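J.: no sequence on this one, just coordinates:
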Ligand SMILES: CSCC[C@H](NC=O)C(=O)N[C@@H](Cc1ccccc1)C(=O)O
């Protein structure tokens with residue numbers, strides 16, 4: 001078939017989005033949520049699918065749910081548990097609830113009804129109970145009291161949220177008023193739930209706590225979890241690892257250190273050790289998440305990965321022999337599945353990315369969910385001694401209609417004379433004898449790294465299909481290149497990153513196929529910060545136009561954000577102690593140099609970069625007579641997630657670039 005259609009935003013939204021897989025105990029099949037967005041209805045419903053690791057066809061397991069999510073096979077393989085808000089007996093769940101469905105088919109059934117809702121969960125080994133996260137009112141006793149208080153709260157006429165917490169809102173939601181995240185147990189036979197932390201000071205960490213925050217022992221007799229002993233409960237906390245013996249409800253701290261933050265614990269198969277992520281925050285706020293290990297025999301913890309300069313990601317998955325752990329970690333713009341050998345203290349790649357997003361292992365079979373720059377996430381089975389097997393082809397037909405263009409990784413010399421990675425995405429049919437416009441897509445973070453991966457919001461293939469050569473620079477400060485590179489921008493934000501982006505622009509301008517009058521730059525969040533910074537620092541006219549999505553503009557006013565303790569560490573000062581240092585890293589202080597036309601985009605529900613940042617930038621551009629346009633979404637957060645809004649975002653994005661396409665003027 002001729003592959004000539006341009007890949008548009010509507011085409012992107014037609015693709016299926018596969019979630020993290022969970023394997024059956026025999027490793028024969030995996031269950032995962034599949035989201036199939038509906039542009040016309042402006043919805044993104046998800047249902048559960050079963051995928052064979054042995055070559056069978058995928059099968060849809062649930063249908064009528066709106067968003068069936070987070071499925072997990074039970075330890076006996078007889079049930080799939082999942083979390084959803086569904087309609088049951090004519091009533092719609094007001095909070096997410098726990099459902100089970102036999103993998104062979106049949107109806108999904110809700111278990112119990114937890115007034116405060118069901119979050120991330122894990123099965124007990126007996127397959128008759130789960131432990132799950134729920135935000136409860138800590139002073140109350142019993143499920144009935146929780147239900148009564150919750151109903152009163154949801155029916156109240158006042159709307160104010162009062163809090164004396166250090167961090168009152170996070171990402172796009174308020175930290176629930178007077179509630180804290182506890183671990184509860186739900187019994188499948190009785191439907192009754194019990195709060196394991198009731199009447200104690202224990203709670204999970206407050207910032208999006210999920211099932212990776214705790215683990216259940218292989219014998220089902222105890223639980224480990226990460227707990228922040230500091231009453232302040234800040235984002236830069238130093239959590240300890242605590243074990244709860246269920247019989248007698250005895251808590252014991254396993255690992256605690258004022259210098260270190262410990263998270264995402266996982267029991268060894270024999271329950272005699274606990275692995276976790278360990279971050280030496282006391283040494284430096286940019287220190288990586290390393291692999292920590294506590295052993296019951298001596299009660300001592302250590303960091304086996306101390307000499308491995310990578311960031312360990314959750315979840316941590318023990319190998320059956322207890323000698324190694326599996327986890328994902330980034331490396332130079334890619335993300336692999338690694339096996340860390342404990343006796344040897346060495347890491348080796350088990351499955352190479354692209355970008356390995358999620359994985360599971362059971363009965364010797366590994367299943368991975370991984371994407372690449374030219375393909376959305378695919379499920380693959382890795383059986384010992386066999387070739388890698390694709391488990392689904394959900395998007396193959398849709399993608400076959402398009403030529404997506406080539407992706408290339410190049411290295412240039414950037415700031416400090418260091419090698420800097422740049423990813424190039426060429427338009428389909430790229431002809432080096434012709435002139436092409438260039439579009440920088442500058443990543444956020446700053447400590448993230450785009451590379452050989454697929455992005456649903458900043459999709460380089462959608463951008464390239466409009467004719468741009470898209471450049472993504474992994475500037476100093478990016479993750480995946482080691483700690484020194486990540487830390488190099490501390491206390492001098494803007495400086496090295498700009499040198500790297502400018503070096504990439506110089507490199508591009510040296511190519512005969514670049515149209516010098518049509519070089520654009522866009523970015524979101526920290527990438528938005530960078531384009532605002534460029535507006536104050538780059539020679540007028542060097543870039544034809546900018547697009548600033550959710551950009552950090554004024555670092556003093558950014559104190560309204562939800563991660564202010566971290567920002568203070570990164571910038572090296574509090575604004576009241578050293579206002580000049582903050583200003584020297586802040587785009588707003590260079591407003592007198594702004595001259596490049598800019599599209600400013602922001603969402604009202606963005607608490608990471610509050611939308612006042614976007615408005616302050618936009619108003620400044622207007623006040624200075626610089627062409628600017630504002631696109632504001634009342635119902636989006638840091639990201640634009642709704643299908644129709646995403647389409648509007650892309651239309652505005654391309655319209656803006658076209659408006660400042662100097663070939664046409
Ligand atoms: C401990 S919170 C980390 C913030 C995170 N950075 C990751 O590397 C992030 O959300 N960054 C924003 C930009 C930003 C930076 C500082 C303060 C607020 C927002 C992003 O680029 O998405």
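T.: Structure received. It should be emphasised that the depicted structure is a prediction, and the values quoted were computed from it without experimental measurement. Numbering: from 1, shown residues only.
J.: so who does the residue of the stretch 451-600 of the chain found nearest the ligand touch?
T.: Among the residues of the stretch 451-600 of the chain, residue 525 lies closest to the ligand, at 2.9 Å counting by Cβ to the nearest ligand atom. In short, each C-beta sits where N, CA and C put it, glycine included. Residue 525 makes contact with 444-445, 549-552, 608-609, 638, according to Cβ atoms under 8 Å, 6 or more residues apart in numbering.
J.: can I see the domain layout of this structure?
T.: 204-353, 403-659 (automatic domain parsing).
J.: which parts of the protein are helices?
T.: 9-13, 142-155, 396-400, 460-464, 483-487, 495-509, 526-537, 564-571, 579-583, 612-623, 643-659 (DSSP state H).
J.: need the winner for burial among the ones you listed.
T.: helix 526-537 (a mean of 27; mean count of other Cβ atoms under 10 Å).
J.: now do that one: distance to the chain's middle.
T.: Using Cα atoms, centre = their mean, to the nearest Å, the distance from the centre of helix 526-537 to the centre of the chain it belongs to is 23 Å.
J.: any idea how far the residue nearest to residue 412 when sequence neighbours are not counted is from residue 501?
T.: The shortest distance from residue 412 to any non-neighbouring residue, by Cβ to Cβ, 6 or more residues apart in numbering, is to residue 507 (4.9 Å). Distance, residue 507 to residue 501, using Cβ to Cβ, to the nearest Å: 11 Å.
J.: same check on residue 570?
T.: 19 Å.
J.: and residue 382, by the same measure?
T.: Taken as Cβ to Cβ, the span from residue 382 to residue 501 is 38 Å.
J.: what parts of the stretch 401-550 of the chain come near the ligand?
T.: Contact residues, the stretch 401-550 of the chain versus the ligand (Cβ under 6 Å from any ligand atom): 444-448, 525-526.
J.: give the buried subset of those as a PyMOL selection command.
T.: Selection of buried members from these for PyMOL, criterion 16 or more other Cβ atoms under 10 Å:
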select buried, resi 444+445+446+447+448+525+526
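J.: check the residues of the stretch 401-550 of the chain next to the ligand and tell me the two furthest apart.
T.: 447 and 525 (11.8 Å; Cβ to Cβ).
J.: list the buried residues for stretch 90-101?
T.: 93, 95-101.
J.: what pLDDT, on average, does it get?
T.: The pLDDT scores in stretch 90-101 average 94.
J.: for stretch 648-659, same thing?
T.: For stretch 648-659, the per-residue pLDDT averages 98.
J.: low-confidence ranges in the protein?
T.: Where the chain drops to pLDDT under 70, the residues are 1-3, 64-65, 664-665.
J.: contact residues of it facing the ligand?
T.: 235, 444-448, 525-526, 552, 561, 563, 566-567, 608-609.
J.: residue 140 and residue 178, how far apart?
T.: 10 Å.
J.: likewise for residue 146?
T.: Distance from residue 146 to residue 178, by Cβ to Cβ: 12 Å.
J.: please apply the same query to residue 313.
T.: 32 Å.
J.: before we move on, what about residue 402?
T.: For residue 402, the distance to residue 178 - Cβ to Cβ - is 51 Å.
J.: which strand runs longest in this structure?
T.: strand 514-524 (DSSP state E).
J.: now do the contacts for the closest residue to residue 411 other than its chain neighbours.
T.: Nearest residue to residue 411, sequence neighbours excluded (Cβ to Cβ, 6+ apart): residue 419, at 4.9 Å. By Cβ under 8 Å, 6+ apart, the contact set of residue 419 is 411-413.
J.: with residue 304 instead?
T.: Here residue 304 is in contact with 291-293, 340, 342, 345 (criterion: Cβ under 8 Å, 6+ apart).
J.: one more time with 10 Å
T.: 275, 278, 290-293, 325, 340-347 (Cβ atoms under 10 Å, 6 or more residues apart in numbering).
J.: quick check on these: which are buried?
T.: 275, 278, 290-293, 325, 340, 342, 347.
J.: now, which of the buried residues of stretch 90-101 sits nearest residue 153?
T.: For the buried residues of stretch 90-101, the nearest to residue 153 is residue 95 (11.7 Å; Cβ to Cβ).
J.: now do the contacts for the closest one.
T.: In this structure, residue 95 makes contact with 85, 113-119, 134-135, 150, 154, judged by Cβ under 10 Å, 6+ apart.
J.: dump those residues into CSV; add distance to residue 231 as well.
T.: Below are those laid out as CSV (distance: Cβ to Cβ, whole Å):
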residue, distance to residue 231
85, 33
113, 32
114, 27
115, 26
116, 22
117, 25
118, 27
119, 23
134, 21
135, 18
150, 24
154, 28
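J.: show me which positions of stretch 30-41 end up buried.
T.: 30-35, 37, 39.
J.: hmm, back to that, quick one: strands adjacent to the longest strand of the chain?
T.: strand 436-442 (parallel), strand 545-549 (parallel) (DSSP bridges).
J.: which of the contacts of residue 95 tops the neighbour count?
T.: residue 118 (28 neighbours; other Cβ atoms under 10 Å).
J.: mind checking how far that residue is from the ligand?
T.: Between residue 118 and the ligand the computed distance is 26 Å (Cβ to the nearest ligand atom, to the nearest Å).
J.: surely residue 306 and residue 260 touch.
T.: No: checked against Cβ atoms under 10 Å, the pair residue 306 and residue 260 is beyond contact range at 11.9 Å.
J.: okay, and the common contacts of the two?
T.: Contacts common to residue 306 and residue 260, judged by Cβ under 10 Å, 6+ apart, are 278, 280, 290, 292.
J.: nearest to residue 518 among the residues you listed?
T.: Once Cβ to Cβ is applied, the member of those that ends up nearest residue 518 is residue 290, at 44.7 Å.
J.: is the closest one in a bridge, and if so with what?
T.: residue 278.
J.: how about the contacts made by it?
T.: 260, 276-280, 303-312.
J.: buried members of the residues you listed into ChimeraX, please.
T.: Per 16+ other Cβ under 10 Å, the buried members of those correspond to this ChimeraX selection:
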select :260,276,277,278,279,280,303,304,305,308,310,311,312
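J.: looking at the contacts of residue 290, spot the one nearest residue 661.
T.: Looking across the contacts of residue 290 and measuring by Cβ to Cβ, the closest to residue 661 is residue 311, at 39.7 Å.
J.: please name the nearest non-neighbouring residue to the closest one.
T.: Nearest one to residue 311, counting by Cβ to Cβ, 6+ apart, is residue 288 at 4.4 Å.
J.: quick one: neighbours of that neighbour, just the number.
T.: The number of residues packed near residue 288 is 22, by other Cβ under 10 Å.
J.: residue in the stretch 251-400 of the chain nearest to the ligand?
T.: residue 285 (8.8 Å).
J.: show me what contacts the spatially closest residue to that residue that is not a sequence neighbour?
T.: Excluding the flanking residues, the one nearest residue 285 by Cβ to Cβ, 6+ apart is residue 569, at 3.8 Å. Counting by Cβ under 10 Å, 6+ apart, residue 569 touches 236, 281, 284-286, 490-491.
J.: please consider this matter closed, and thank you.
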